[in-house]
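Trainee: below: sequence and its predicted model.
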Amino acid sequence: MRNRLWTLAEPILGSIALVGLWAGACSSDALSASVGRVEDVSAKSLVAIAPAAKPNLQSATITELTIGYGTPSLSNVQLTRGPVNVEVSYTAREDITRENRPLLRYEIFYEGQSILKDEILAVGYGRVIIGDFDVDGAAEVAVQGFTGGANCCTSSLVYSWRGGEFEKISLGEIGGDFEDVDGDGAFELVTVDKAFLSAFSSHAGSVLPPKILRLEGDRFVEATREYPEYVSAQIAELEARFGGDSTVSYSLLAAYVADKALIGEYESAWAFMLEHYSGAPDYGSAMYKDRETQYEDFPTALAALLEREGYR
Ligand SMILES: [Ca+2]
Ligand SMILES: [Ca+2]
């Protein structure tokens, strides 16, 4: 399990990978029946493994393309999964300006028919994934791109096949990974709760609780509390950071209390926090300020944040 507690979940990748991820049961010949077609790209720079083409998308297989810093320009790379085909092109830019932007362009086909064409800004990171995220037999195509900037932002979009068209679901500025958190075959979007960003620490030093979104119908809903094993693993990693110190940083404590609240253990976590916070501002008084309210201390500010964000 990847640790995304200490980062902002904005993957910056230095290479290109075209990979079919096989998460369900598969037969030995499943991976050999169909290989993604790659054009105008050095074959050496790609690992191309695509799952067997099937008339429907019942299995939990995702085919994906990821670009990162150093990825050369690509044209018409084909990702294919069942009836869905995505043609991807990417313009690498050495000097990025408003007029000279690194764009990931994509055209989505269904059974050979062009359905839509679009593009996304991809500064050092971009990704296209085909799969059946909610295992309902209809395909999804996810597109992500990093918009650039020190403190910002990956955008995510999902196109869901509704028979005749792909419905566009804009997730906004949410990064993260599409993965099957609980092994049930459906893919969740695993991201972080940005409400904790810079709340009790510097931006880079912020510890963020996990946030898990699940596709339900035509939207993604937050379902973090339904994945207690995943959250517990995150808690264990936080606890490993406590060490034997008598005090624990505010940001770490905030994430800890939030995580424990997600698995129904808010009270004990709150008591732990009260015992282990230093009482001194370690990031200036600004951290106690929430819009118009200036909180008197860390516990009061944390309680307000947890309340506002639905943790308690
Ligand atoms: Ca689906
Ligand atoms: Ca799942």
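Mentor: Perfect, thanks for sending it. Ligands and ions are numbered 1, 2, ... in the order given.
Trainee: contact partners for Phe166?
Mentor: Going by C-beta atoms under 8 Å, 6 or more residues apart in numbering, Phe166 touches 108, 110, 115-116, 141, 159-160. Backbone N, C-alpha and C define where each C-beta goes, glycine included.
Trainee: hmm, 10 Å instead?
Mentor: Residues near Phe166 by C-beta atoms under 10 Å, 6 or more residues apart in numbering: 84, 108, 110, 115-116, 138-141, 158-160.
Trainee: same question for Trp161.
Mentor: Counted by C-beta under 10 Å, 6+ apart, Trp161 has contacts 57, 82-84, 108, 110, 115, 132, 136-141, 167.
Trainee: which stretch of helix or strand covers the nearest residue in space to Gly172 that is not next to it in sequence?
Mentor: With C-beta to C-beta, 6 or more residues apart in numbering as the criterion, Gly172 has its nearest non-adjacent residue at 6.8 Å, and that residue is Ser155. With secondary structure defined by DSSP states H and E, Ser155 is part of strand 154-161.
Trainee: ok, now how distant is the residue nearest to Gly172 from Gln144?
Mentor: Applying C-beta to C-beta, to the nearest Å, the value for Ser155 to Gln144 is 7 Å.
Trainee: repeat that for Gly172.
Mentor: As defined by C-beta to C-beta, Gly172 lies at a distance of 12 Å from Gln144.
Trainee: which of the contacts of Trp161 are buried?
Mentor: Among these, the ones that count as buried by 16 or more other C-beta atoms under 10 Å are 57, 82-84, 108, 110, 115, 132, 138-141.
Trainee: which of the residues you listed lies closest to Thr300?
Mentor: Lowest distance from Thr300 to the buried ones among the contacts of Trp161 (C-beta to C-beta) belongs to Glu140, with 42.5 Å.
Trainee: residues in contact with the closest one?
Mentor: 57, 62, 81, 84, 129-134, 158-161, 166-167, 169, 178, 187, 215.
Trainee: at 8 Å instead, please
Mentor: Glu140 makes contact with 130-134, 158-161, 215, according to C-beta under 8 Å, 6+ apart.
Trainee: rounded mean pLDDT for the one helix or strand Asp259 maps to, please.
Mentor: Using DSSP H and E, Asp259 maps to helix 250-262. The pLDDT scores in helix 250-262 average 96.
Trainee: same question, stretch 172-192
Mentor: Stretch 172-192 carries an average pLDDT of 94.
Trainee: what of stretch 148-162?
Mentor: On average, stretch 148-162 scores 88.
Trainee: quick one: buried residues of it?
Mentor: For stretch 148-162, a neighbour-count test (16+ other C-beta under 10 Å) marks 153-161 as buried.
Trainee: who has more neighbours out of Gly172 and Gln144?
Mentor: Legend: neighbour count by other C-beta atoms under 10 Å for Gly172 and Gln144, higher for Gln144 (27 against 9).
Trainee: can you pull up the bridge partners for the residue lying closest to that one once chain neighbours are set aside?
Mentor: Of all residues not flanking Gln144 in the chain, Arg127 sits nearest, at 4.5 Å (C-beta to C-beta, 6+ apart). Beta-bridge partners recorded for Arg127 (DSSP bridges): Thr66, Gln144.
Trainee: OK, contacts around Arg127?
Mentor: Contacts of Arg127 (C-beta under 8 Å, 6+ apart): 64-67, 142-145.
Trainee: and the nearest residue to Leu262 once chain neighbours are set aside, what does it touch?
Mentor: Nearest in space to Leu262, with sequence neighbours left out and distances taken as C-beta to C-beta, 6+ apart, is Val231 at 4.9 Å. By C-beta under 8 Å, 6+ apart, the contact set of Val231 is 210, 224-225, 259, 262-263.
Trainee: which one of these has the most neighbours?
Mentor: Within the contacts of Val231, Asp259 tops the neighbour count with 28 neighbours, counted by other C-beta under 10 Å.
Trainee: whichever residue of the stretch 151-300 of the chain sits closest to ligand 1 pairs with what?
Mentor: Residue nearest to ligand 1 within the stretch 151-300 of the chain: Ser160 (6.0 Å; C-beta to the ion). Ser160 forms beta bridges with Glu140, Glu167, as assigned by DSSP bridges.
Trainee: coming back round to it: quick check, the residue nearest to Leu262 in a helix?
Mentor: Yes - when DSSP: H, G, I helix; E, B strand; the rest coil is applied, Val231 is found to be in a helix.
Trainee: closest one of the contacts of Glu140 to Asn100?
Mentor: Ranked by distance to Asn100 (C-beta to C-beta), the contacts of Glu140 are led by Tyr159 at 27.2 Å.
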